[in-house]
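Visitor: okay, here's the prediction I keep looking at, along with the sequence it came from:
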Amino acid sequence: MNIVYNICIALSVGLMIGFSGGIVKISRRPAYTEKQIEKTARIQKKASNAAKYLTFFMLALGLVWCVYYLVLGAVDPAQVEYATGMSQLIVSVLTIISISFAFFEFLRKK
């Protein structure tokens, strides 16, 4: 668990440094041309379609497995805690995926 904690600390520091560098770069860079804006919009649209497809795929898989663990908990009372834990884990992962997709869509629409 100590390794995971150190990785999270390193990622947090890296994000802070990256965002700080991005702020400096944005403040020094001149305005983008229309051609650059259109090119970026096309790339974002393609990435958005791929992210949407992947997100729906993951949500469908999550639904299938959550139903499985619901049935497992109902059929075998000895497995209720295991089924509940696995369902919570699946929902947690799907929440992170959905938030990431929503954030990407927010950036694309802006």
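Guide: Right, received. Where do you want to start?

Visitor: can you pull out the helices in the chain?
Guide: Secondary structure of the chain (DSSP state H): helices at 2-28, 34-75, 80-109.

Visitor: now residue 23: how far from residue 15?
Guide: Distance of residue 23 to residue 15, given as CB to CB, to the nearest Å: 13 Å. Backbone N, C-alpha and C define where each C-beta goes, glycine included.

Visitor: also residue 96?
Guide: Separation of residue 96 from residue 15 (CB to CB): 16 Å.

Visitor: and if you look at residue 54?
Guide: In this view, residue 54 and residue 15 are 23 Å apart by CB to CB.

Visitor: what's the pLDDT at the nearest residue to residue 80 once chain neighbours are set aside?
Guide: The shortest distance from residue 80 to any non-neighbouring residue, by CB to CB, 6 or more residues apart in numbering, is to residue 73 (4.5 Å). Looking at residue 73, its pLDDT stands at 92.

Visitor: which residues does the residue lying closest to residue 58 once chain neighbours are set aside contact?
Guide: With sequence-adjacent residues excluded and distances taken as CB to CB, 6+ apart, residue 58 is closest to residue 97, at 5.2 Å. The contact partners of residue 97, taken as CB atoms under 8 Å, 6 or more residues apart in numbering, are 55, 58-59.
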